[in-house]
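Q: quick one, what's the 3D model for this:
(chains A and B)
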Number of protein chains: 2
Amino acid sequence: MGNLNEKTIHSEEIFSGKVISLHLQDVELPNGRQSKREIIKHPGAVAILAVTDNNKIVMVEQFRKALERTIVEIPAGKLEKGEEPALCARRELEEETGYECENLELLVSFYTSPGFADEIVHLFVAKGLTKKENPATLDEDEFVNLEEITLDEAVQYIKDKKIFDAKTAYAVQYLQLQEALAKK
Amino acid sequence: MGNLNEKTIHSEEIFSGKVISLHLQDVELPNGRQSKREIIKHPGAVAILAVTDNNKIVMVEQFRKALERTIVEIPAGKLEKGEEPALCARRELEEETGYECENLELLVSFYTSPGFADEIVHLFVAKGLTKKENPATLDEDEFVNLEEITLDEAVQYIKDKKIFDAKTAYAVQYLQLQEALAKK
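A: Numbering: from 1, shown residues only, chains lettered A, B, ... in the order given. Below you'll find the predicted structure:
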């Protein structure tokens, strides 16, 4: 099959909030018919796989209102308008964990829910961690518990559904892959 | 820190569509203050890492209106009301690729965007693939191109940002991990 594009015929903003906006679009399908698409726009986010010098993974436990429960995640946060992902990663790492890092490398970027949202996550690996003396603090509506766990513990957390989100599952699997490659 | 829960004070449905609904919630934070949460409700989805007998990964290229571009993904689809994830996986695999499978195993489930959405993806591994004679067909607003690629090609697709979503990146990394473990 050839062209898969869907042309926008009409787009209406239904809602614009402090994090997301919702758009309802009429589109023309590749076969000429019409359909509707429900689209969430999001500013994008960063996530940081931060590994301490004694090989622990820095995790934050956080209540997620969308899930009505707490889960354990790697540190993450939304991009501010025009903010460089790497700067955002350093800011979020400091705010959520009090750490600054010597080395920060982009591992991968991915869309989280391409079926309905344009949210992209830029996933960084941070090493050479040191606690900052007077770190910047969290946004006033953010509350987290800090944990530092081993890779084995992280794998167990996934089995126990304490770790339960895509970016953290990806980050843990990345460390498993690095370990397996190192042992070859 | 102790309790992280956010109590709902008021919840309003702003929009209810064919895929998602949007809810605006007033919450009480752990420190007693109030804030607002923008929440997307989604029926949940399945994704299928389908590997052929000659070790190719079955991929679908699809236009994603939220991204305004096509990306290459593992087959996936939304759960119908009350549908068992494993049955949904078999249905979506057949509709999108024409394959049925002998073995289907749940690999992992994860939330894609816990910051604002309750979408969960159940990721399955499908093996023992055979083409069905008269497969069920796609929904009338779905159009995909089928591709079967090697693991090396998939890794290159990630570098080239043709593969660009969390579930597919996770699935490809899973196969890299299996390969590394097998070589140990």
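Q: what's across from the residue lying closest to A:P114 once chain neighbours are set aside in the sheet?
A: Distances taken as C-beta to C-beta, 6 or more residues apart in numbering or on different chains place B:R64 nearest to A:P114, at 4.3 Å, with adjacent residues excluded. Yep, even glycine has a C-beta here, placed from its N, CA and C like the rest. Under DSSP bridges, the beta-bridge partners of B:R64 are B:R69.
Q: chain B versus A:A136, what's the distance?
A: A:A136 sits at a distance of 18 Å from chain B (criterion: C-beta to the nearest C-beta, to the nearest Å).
Q: average model confidence for stretch A:132-145?
A: The pLDDT scores in stretch A:132-145 average 86.
Q: and chain B, is the helix ranked longest in chain A touching that?
A: For chain A, the longest helix by residue count, based on DSSP state H, is helix A:166-183. Yes: with C-beta under 8 Å from any C-beta of the partner chain as the criterion, chain B is reached by helix A:166-183 at A:166-167, A:169-170, A:173-174, A:176-177, A:180-181, A:183.
Q: now, of those, which are buried?
A: A:166-167, A:169-170, A:173-174, A:176-177, A:180 (16 or more other C-beta atoms under 10 Å in any protein chain shown).
Q: circling back to that earlier point, just give me the neighbour total for the residue nearest to A:P114.
A: Neighbour count of B:R64, defined by other C-beta atoms under 10 Å in any protein chain shown: 23.
Q: that one and B:T70 touch, don't they?
A: Yes: counting by C-beta atoms under 8 Å, B:R64 sits close enough to B:T70 to count as a contact (7.1 Å).
Q: wait, does stretch A:5-19 contact chain B?
A: Yes: legend: contact between stretch A:5-19 and chain B by C-beta under 8 Å from any C-beta is shown at A:5-6, A:14-15, A:17-19.
Q: before we move on, what SS does the residue of chain A most remote from its centre have?
A: Relative to the C-alpha centroid of chain A, counting by C-alpha atoms, centre = their mean, A:G32 is the outermost residue, at 36.3 Å. Following DSSP: H, G, I helix; E, B strand; the rest coil, we place A:G32 in the coil state.
Q: could you measure from it over to A:Q62?
A: Noted for A:G32: a distance of 46 Å to A:Q62, by C-beta to C-beta, to the nearest Å.
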